[in-house]
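Participant: build the 3D model from these lines:
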Amino acid sequence: MDLHTPEDVPDTPAQRAADRRRLLRALNLSLGFVVVLSAIFALQQGVDYRWLTVGAGTSAGLVGLLTAPLLHGSPEHLAANAVSLLLLGTLAGAVYPKATSRALPLLWLGSGLGAWALGDAGSYHLGASGVTHGLMFLIFVLGLLRRDRPSIAAAMIAFFLYGGMLLTVLPQEPGVSWQSHLGGALGGLLAAVLLRHSDPMPPRKRYSWDEEEDGNALARERHELEMSAPDDVPVLWHRPQTEEHGNILPFKRREELNESRAPNTDRSEGT
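Facilitator: Numbers count the residues shown, from 1 in each chain. The predicted model follows:
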């Protein structure tokens, strides 16, 4: 799958300033979301919030599709998801600002639907880990689909930091909602396929060898059906030039050649 790449655009100060603003905006939004999660966790203490979680297979548990990612069961649970959201959210928002904002509903609902549909009867699911898995799969799959330099770099960073999420979508550790992980990952995969064109391709810096390759390709297309000129044919060996134009080598006739090859039968006997 090839996406259109715009022509070369110089790396101007305005472009660098826009990149910094986009990065800071993504960082601030991710940090703000983490602050909201921390505030909600503080409000959870001493309150029965089970009705706000995803109850697997129950109609009442569907309420948690909207609220469960905001809840966490312990400070360790919150801290683990907060770091993932901060890093992956900043990375996704900086490289794909439009795709990330449009993909969040799919990641959010996918996480809850996975827990609701695949969870064990009577189980309750909460936490933003499904959303973090969705962000990781969104970044990684977009890198495979778009294949421009920033997308590939973002996919490699996401895989280096959280490549283990490719395995945590399967049941491994008791008490961990792999169902919400799988739902969020599927949401990220679907969002990457649907939203891969949302953000324009970044300017691609062209190097001297790119221009040489383009020139060679154009020349090949132009002369593909044309015969090469004689002057263009490489000569591997040149005959040395001498004053003599050449020597004529004498060849014997066939009869003379046969006589010279015949065995000599004359014998001289002594007396």
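
Participant: going forward, measure contacts between C-alpha atoms and count neighbours the same way
Facilitator: Will do.

Participant: let me see the mean pLDDT of the host helix or strand of F41.
Facilitator: Counting by DSSP states H and E, the element that carries F41 is helix 13-44. Mean pLDDT, taken over the full extent of helix 13-44, equals 91.

Participant: buried ones in it?
Facilitator: Residues of helix 13-44 classed as buried by neighbour count (16 or more other CA atoms under 10 Å): 22-23, 25-27, 30-31, 33-34, 37-38, 41.

Participant: pull the distance from it to the chain's centre.
Facilitator: Relative to its parent chain, helix 13-44 has a centroid offset of 25 Å by CA atoms, centre = their mean, to the nearest Å.

Participant: ok, back up a step: which one of the buried residues of helix 13-44 is nearest to H197?
Facilitator: R22 (18.1 Å; CA to CA).

Participant: can you map out the helices along the stretch 101-250 of the chain?
Facilitator: 129-146, 149-162, 178-194, 208-222 (DSSP state H, counting those that start in this stretch).

Participant: as JSON lines, those helices with distance to S74, mean pLDDT and mean neighbour count would be great.
Facilitator: As requested, these are exported to JSON lines (distance: least, CA to CA, whole Å; pLDDT from 0 to 100; neighbours: other CA atoms under 10 Å):
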{"stretch": "helix 129-146", "distance to S74": "13", "mean pLDDT": "95", "mean neighbour count": "27"}
{"stretch": "helix 149-162", "distance to S74": "21", "mean pLDDT": "94", "mean neighbour count": "18"}
{"stretch": "helix 178-194", "distance to S74": "17", "mean pLDDT": "95", "mean neighbour count": "26"}
{"stretch": "helix 208-222", "distance to S74": "54", "mean pLDDT": "57", "mean neighbour count": "11"}
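
Participant: now render those as TSV, adding distance to L85.
Facilitator: Written out in TSV, the entries for the helices of the stretch 101-250 of the chain read as follows (distance: least, CA to CA, whole Å):
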stretch	distance to L85
helix 129-146	6
helix 149-162	11
helix 178-194	13
helix 208-222	38
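
Participant: closest one to L70 among these?
Facilitator: Nearest to L70 among the helices of the stretch 101-250 of the chain is helix 129-146 (10.2 Å), distances taken as CA to CA.

Participant: which members of the buried residues of helix 13-44 are the farthest-apart pair?
Facilitator: For the buried residues of helix 13-44, with distances taken as CA to CA, the pair at the greatest spread is R22 and F41 (28.8 Å).
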